[in-house]
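Peer 1: fold the following.
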Amino acid sequence: MAHLRFTTKLEINGSKVKKFPFIITDKLKVDLLTLEYFLDLRASVAHKTLLTYAQHLTDFITQLEIGNDGLSYDDPEYKEWYEIDDNWFEEYSNELTTRYESDSDNSKGYVGQVLRTVVAYLKWTQTKGYTNNLIGTGEENRLVLSPSQSKKGGTVHPLAKKLSKNKPTSRTAPRTRWIEIVKSHTHIKSRELSARFELMVDWGVGAGLRAHEVCALTVSQLPSRKSAEDAYINEENVYISIVISKGSKPSTVPVSPMLVKKTWDFVDRERETILSHLKSKAKKSRKPFVDSDILFPSERTGKELHSGTLSNQIRRAFLNAVEAGDLAEDQIVWAHGLRHRHATNQLKGADELGIKNPERVTKQITRHKHEQTLETYTVARFHEDS
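Peer 2: This is a model prediction of the structure:
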């Protein structure tokens with residue numbers, strides 16, 4: 001995962017520059033190409049704008065890194081920045097659109113801004129001679145641009161142009177059957193990592209957690225196996241405290257005892273196998289290994305997965321299901337859609353129990369701030385036959 005950092009020690013032409021951005025890659029090295037780009041831009045854009053561009057490009061580099069997670073350099077799916085194409089760009093756009101729930105981050109206008117920043121950067125790399133046939137108006141380019149209709153003219157990527165003009169469209173929650181099909185189409189071949197993927201999806205649906213909340217879960221947060229077994233016998237829920245949540249406010253979330261029991265089975269078997277491999281690698285390289293306590297650890301680092309990794313895995317599994325003919329293109333399953341499914345299930349359950357004002361109850365359970373946020377699910381639940 002790439003990280004945005006700042007230096008106050010930069011001096012240009014004898015003058016100190018405050019808070020100048022640079023990007024650290026997942027290999028803990030400064031990304032020199034973006035640094036040169038920022039230095040090039042410093043005289044032509046406002047400092048605040050430069051920082052915004054730096055945030056966008058940090059996201060872009062992170063997306064490249066998580067897309068290559070677990071792939072070797074000779075794998076045909078491994079992508080360097082100069083190898084991306086329109087298909088990759090569209091997938092990145094979809095990932096940005098569905099990553100967050102908040103209107104400000106989830107708006108198509110915001111996604112369009114990020115894409116325009118990336119396009120400008122890639123055009124600069126080509127102008128500087130770092131690559132060729134990557135971006136342009138001709139069909140020989142991997143990223144094909146179209147003429148801009150703005151007063152400034154120039155060119156723009158069609159996706160950025162479209163997203164900047166249109167408001168986001170609401171998606172109905174993916175059906176449970178679709179989600180189960182996606183779980184069966186994971187491209188992950190390892191039994192341990194496949195089990196990890198399926199269980200992370202289950203936490204998204206069963207507890208209504210956002211992708212970054214699922215990734216941040218720790219073993220210490222889990223209710224004990226005995227409390228889960230007792231709750232199952234008594235037909236009760238158990239509860240888990242979500243510390244890393246939207247707005248950074250801790251929340252208590254009800255969880256199915258069966259989901260907790262299934263998770264403990266994973267901890268005792270597959271998670272232990274993942275850590276065993278990591279311990280062996282650390283021993284060979286004579287490095288100490290410390291269990292991070294992350295519930296679903298990365299097989300490369302043993303630490304928290306990036307939420308984009310989970311999002312990409314779900315997206316790839318969905319595309320696999322479409323390619324296999326098991327799902328249609330409009331039967332979309334995406335990371336935040338799991339939370340949509342959870343909210344819809346809660347509303348339907350409240351209806352069946354005859355609870356008065358089910359929207360208010362569901363708002364509390366799903367940790368939404370306003371009942372209006374549930375409007376998509378409120379209507380959609382009446383149109384589902386299962």
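
Peer 1: what about the protein, any weak spots by pLDDT?
Peer 2: 70-72, 98-109, 148-157, 159-171, 244-249, 357-386 (pLDDT under 70).

Peer 1: so which bits of stretch 64-80 are buried?
Peer 2: The neighbour-count check on stretch 64-80 (16 or more other C-beta atoms under 10 Å) flags 64, 65, 66, 67, 68, 69, 70, 79 as buried. All C-beta spots, glycine's among them, are computed from the backbone N, C-alpha and C.

Peer 1: any idea which residue sits dead centre in this protein?
Peer 2: With distances taken as C-alpha atoms, centre = their mean, residue 308 lies nearest the centre of the chain, 2.7 Å away.

Peer 1: show me what contacts that residue?
Peer 2: 62, 63, 66, 95, 99, 211 (C-beta atoms under 8 Å, 6 or more residues apart in numbering).

Peer 1: make a markdown table out of these and add distance to residue 18 and secondary structure.
Peer 2: Formatted as a markdown table, the contacts of residue 308 follow (distance: C-beta to C-beta, whole Å; DSSP: H, G, I helix; E, B strand; the rest coil):
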| residue | distance to residue 18 | secondary structure |
| --- | --- | --- |
| 62 | 25 | helix |
| 63 | 29 | helix |
| 66 | 31 | helix |
| 95 | 33 | helix |
| 99 | 30 | helix |
| 211 | 34 | helix |
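
Peer 1: closest to residue 262 out of the residues you listed?
Peer 2: residue 211 (19.4 Å; C-beta to C-beta).

Peer 1: look up how far residue 308 lies from that closest one.
Peer 2: Distance, residue 211 to residue 308, using C-beta to C-beta, to the nearest Å: 8 Å.

Peer 1: same check, this time on residue 232
Peer 2: 34 Å.

Peer 1: same question for residue 56.
Peer 2: Distance from residue 56 to residue 308, by C-beta to C-beta: 14 Å.

Peer 1: just residue 111 next, same as before
Peer 2: 14 Å.

Peer 1: thought residue 251 was touching residue 242?
Peer 2: Yes: taking contacts as C-beta atoms under 8 Å, residue 251 lies within contact range of residue 242: 4.8 Å.

Peer 1: please say which of the two ends up with more neighbours.
Peer 2: Neighbours were counted for residue 251 and for residue 242 using other C-beta atoms under 10 Å; residue 242 has more, 21 against 15.

Peer 1: cool, thanks, signing off.
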